[in-house]
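J.: What would the 3D arrangement of this be:
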Amino acid sequence: MGNLSLTQFLTLDGVYQAPGGPDEDRSGGFEHGGWSVPYGDEDFGRFIDEVFQRPAAFLLGRRTYEIFAGFWPKQTDPADPVASKLNALPKYVASTTLTSADWSGTTVLGGDPVQEVAALKDRTDGEVQMHGSGGLARTLLAHDLIDTLHLLVFPVVLGTGRRLFTDGTRPTAFRHTEARTTGSGIAIHTYDLAGRPEYGSYA
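T.: This is a model prediction of the structure:
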């Protein structure tokens, strides 16, 4: 049975929308695209390289898939740890609107995403990695299907944009397993799914 991990870039106020460029995702009139780019130092690059050493497969939402598919197939340096894994390993896109995918090695999961992803985890030996794909991540979090969160929290507040944890998110407890901070101030925290929250009182 596979382990599903999510690597997500977030602002201090929880926004994940369009970290990588001004035109990545302007939906909702979002004008702050590219907010993560100024913080991309060597420490950040080292962490990303480590993450990409581990996957057996990738799971992406449609929007993130289209962003990735427009960029990574053109990166052909075999020494690039991110490109080599993304281009070589199986990729799964959860989408009811995408009918075909022309990036080599891609399968479209067109059914119910909860059932499709549970089945994907069952048949995958190793780590299935999600990157971005916040809408899909919210759906899977609501069904306890994400086992590990790598949250990269950038020292910036935007006040608008799509958020990973919105009102109505299922109450969930996690176990904090790793932390580091990059030279540019990105706080990288890793959490493993623990179950439901427990409650107490200071009174």
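
J.: what about stretch 33-42, average pLDDT?
T.: Averaging the model's pLDDT scores along stretch 33-42 yields 97.

J.: Would you mind listing the buried residues in that stretch?
T.: Neighbour-count burial for stretch 33-42 flags G33, W35, S36, Y39, G40 (criterion: 16 or more other CB atoms under 10 Å). To be clear about C-beta, it is placed using only N, CA and C from the backbone, and glycine gets the same treatment.

J.: Tell me who's in contact with the residue nearest to the second one when sequence neighbours are not counted.
T.: In other words, W35. What sits nearest to W35 in space, not counting adjacent residues and going by CB to CB, 6 or more residues apart in numbering, is V156, at 5.6 Å. Residues counted as contacts of V156 (CB atoms under 8 Å, 6 or more residues apart in numbering) are T11, L12, W35.

J.: Redo those residues as CSV? Include distance to L140.
T.: Listed next are those as CSV, based on distance: CB to CB, whole Å:
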residue, distance to L140
T11, 21
L12, 24
W35, 24
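
J.: G33 contacts P22, doesn't it?
T.: Yes: in terms of CB atoms under 8 Å, G33 counts as a neighbour of P22; the distance is 4.3 Å.

J.: just to revisit the earlier point, which one of the buried residues of stretch 33-42 is nearest L193?
T.: When the buried residues of stretch 33-42 are compared for distance to L193, the smallest value, 24.9 Å, is given by S36; criterion: CB to CB.

J.: can you tell me how far the closest one sits from L4?
T.: Taking CB to CB, to the nearest Å as the measure, S36 falls 23 Å from L4.

J.: R26 now?
T.: Look at R26 and L4: by CB to CB, they are 29 Å apart.

J.: Now tell me what touches the lowest-mean-pLDDT helix or strand in the chain from outside.
T.: Between all helices and strands in the chain, the lowest mean by mean pLDDT, DSSP states H and E belongs to helix 62-69, at a mean of 92. Identification of contacts with helix 62-69 by CB under 8 Å, 6+ apart yields 20, 24-25, 60, 86, 91, 93-95, 97-98, 101-103, 106, 131-133, 135.

J.: please redo it, this time with the cut-off set to 6 Å
T.: Under the contact criterion CB atoms under 6 Å, 6 or more residues apart in numbering, helix 62-69 has outside partners V93, S95, L98, W103, G132, S133.
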